[in-house]
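1. have a look; sequence and predicted model below, questions after that.
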Amino acid sequence: MMKKSEEDEYWNSSKFRAFTFDDEDDEFSRLKESRQAIRRLAEEDEDEDEVEKVSWSGEPIGSISWSVKETEASNQRTDREPAFPRITTDTPTLSKSQSGSSLSSLSSLFKGKTRGNFQNISETPSVRLFAPELRKSRTDTKDSDGEFSPEETVRRMQHGKAVSLEKFRSLQDKLLLLDSAVLGHHGNVITAVLIHLKRTLSKDVLFAELRSRQTALRHFVQYLTETRDQDLLLELLRSLNRTEDVALLQYREQLSLSDAPRRRDFLKTCLSLPFSADDLAHIQDQHDLLDRQILIEDSDAAVEREGKLDVFRKFPRKASILNMPVITTLYYCCLYHYSEQGTFSSPSSVRQTFKLSEKQYFVTALAARAKLKAWTDVDALFSSRNWLGFTRKRAPISFQRVVDILHRNSAPSQVLQDYIGLVDDPQQRVSLASRHRCHDVVINTYRDMKDRQLLLGYRAKVERGSAAERKIDELLSQPQIRWKN
């Protein structure tokens, strides 16, 4: 057994120390000292803006963009953990003394200070959440105090930053904001300012100010048009004495009417609106066409139900003729009422009433009669007599286009051949004849050109023993033809 003096000497000389509850040099004590140092740093002077604090996202802590992102994160955590102090938005603005929960007071709260009154904050009705900020920059202080000029406000709106337009309360400030937005040439900003003015100004004042600001006026008219605010748009146009625009706006209402008789009656009332002479003529034609279509539709529907005409059985009507264009109406009449004269459904009556040109009538009638395979009617469209009494085929369009129309309506090769032969240009004629396999046209064209080599080359393309090959051999054997090669 060691003596008492030797035991004390051992513990005092050893590098190991005995455990005591009073020892302050352990890890727990060092942790307490670290926390005290952190608390002292957090309680330093708030006016030191030399050091910028940055979050994990790389954005300065306390900036607007950081606050917005923290707010979004707060909203997502509302159901899981206690939210940040909540502020009601029942009133437009809250002073710092009344709310007790401004961003600056929240900053002191999270730093461990007790500035302001924070009692019963969580019991305030929840509408909007504000993220805390540990240190406010001078820019954010300026934003919260509402010190931005109209030019700076417009610039921030152009960069997509949230700003409040409520601080522009006087008429002069609102007009300066509008003029700054127009000078910025940014359509979305101009529209946003106009929406604010529409909400905060009377209609008379707003219309009077827009009268001298044409760019803003055009944006406002477009905004009202897209939002379908017809009543306010009509009031605006009337105040500007734009009578034709008012008439046009009222005329457009007929586009939403699906019932044909109601639409016809509405068009009749539009004839009394202050349109120009040309516009009134178009509206009159539209009214007359719809009135004619209603008569034809009622009559043909009854005939089709009774089954009296073969054309309705062979080619049933696929759609109603109501509200169709005039060319479609003419095609319908050429299809079902081609031989009629002096009736509402007569093609010649439609042509004369609506002053259709010869080319419009010819193309429409050609397509309709080719659809019915009425080749006699098709041939009659081309017949004309000259002053000597001779009959020849002529058309107001090129015969190349005639061939295309006939081909789309599945015309037989013989019919195509007759009209391909009327094409003036030999190269185009040969090209069309080769495409549609009209051998006689190609052979006759090469014969007229007296080109023996082309005829021999084409002989190799036709079938062996066919009528085309025999015709070529017969032409090549005729000694009276003077071939040029």
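-> It's in.
2. I'd like the next helix or strand past the longest helix anywhere in the chain.
-> The longest helix of the chain (DSSP state H) is helix 277-306. In the C-terminal direction, the helix or strand that comes right after helix 277-306 (DSSP states H and E) is helix 310-314.
3. which neighbouring elements make contact with that following helix?
-> helix 277-306, helix 326-336 (3 or more C-beta pairs under 8 Å, 6 or more residues apart in numbering; DSSP states H and E). In short, each C-beta sits where N, CA and C put it, glycine included.
4. can you put those in JSON lines and add mean pLDDT?
-> Below are these laid out as JSON lines (pLDDT from 0 to 100):
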{"stretch": "helix 277-306", "mean pLDDT": "93"}
{"stretch": "helix 326-336", "mean pLDDT": "95"}
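5. hang on, the earlier thing: buried residues in the longest helix of the chain?
-> By neighbour count on 16 or more other C-beta atoms under 10 Å, the buried set for helix 277-306 is 279-280, 283, 286-287, 289-290, 292-294, 296-297, 300, 304.
6. need the residues you listed in a markdown table (columns: distance to residue 437).
-> Below are those laid out as a markdown table (distance: C-beta to C-beta, whole Å):
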| residue | distance to residue 437 |
| --- | --- |
| 279 | 52 |
| 280 | 54 |
| 283 | 51 |
| 286 | 46 |
| 287 | 50 |
| 289 | 43 |
| 290 | 46 |
| 292 | 43 |
| 293 | 42 |
| 294 | 47 |
| 296 | 41 |
| 297 | 43 |
| 300 | 39 |
| 304 | 39 |
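7. out of those, which is nearest to residue 187?
-> Nearest to residue 187, judged by C-beta to C-beta, of the buried residues of helix 277-306 is residue 279 at 29.7 Å.
8. the closest one and residue 482, how far apart?
-> According to C-beta to C-beta, to the nearest Å, residue 279 stands 66 Å off from residue 482.
9. over to residue 476?
-> Counting by C-beta to C-beta - residue 476 and residue 482 are separated by 13 Å.
10. ditto for residue 289
-> For residue 289, the distance to residue 482 - C-beta to C-beta - is 61 Å.
11. same thing with residue 400?
-> 30 Å.
12. between those two, which one's more packed in?
-> Taking neighbours as other C-beta atoms under 10 Å, residue 400 and residue 482 compare with residue 400 leading, 17 against 6.
13. I'd say the more buried one and residue 427 touch.
-> No: shown here, residue 400 and residue 427 do not form a contact pair, counting by C-beta atoms under 8 Å, at 11.4 Å.
14. between the two, which contacts overlap?
-> Common neighbours of residue 400 and residue 427 (criterion: C-beta atoms under 8 Å, 6 or more residues apart in numbering): none identified.
15. burial count for the closest residue to residue 468 other than its chain neighbours?
-> Leaving out its chain neighbours, the residue that sits closest to residue 468 by C-beta to C-beta, 6 or more residues apart in numbering is residue 439, at 3.8 Å. By other C-beta under 10 Å, the residues close to residue 439 number 21.
16. my guess is residue 275 meets residue 281, correct?
-> No: taking C-beta under 8 Å as the definition, residue 275 is not a contact partner of residue 281, at 9.2 Å.
17. for residue 197, what are its contacts?
-> Residue 197 sits next to 174, 178, 206 when contact means C-beta under 8 Å, 6+ apart.
18. for whatever helix or strand the first one lives in, name the packing helices and strands.
-> The one in question is residue 174. For residue 174, the element it lies in under DSSP H and E is helix 171-183. Applying 3+ C-beta pairs under 8 Å, 6+ apart, we find helix 171-183 packed against helix 150-158, helix 187-200, helix 203-210, helix 214-226.
19. tell me which of those helices sits nearest to residue 460.
-> helix 214-226 (66.3 Å).
20. re earlier: what's the angle from the longest helix of the chain to helix 326-336?
-> Counting by axes from the mean of the first three to the mean of the last three C-alpha atoms, to 10 degrees, helix 277-306 lies at 30 degrees to helix 326-336.
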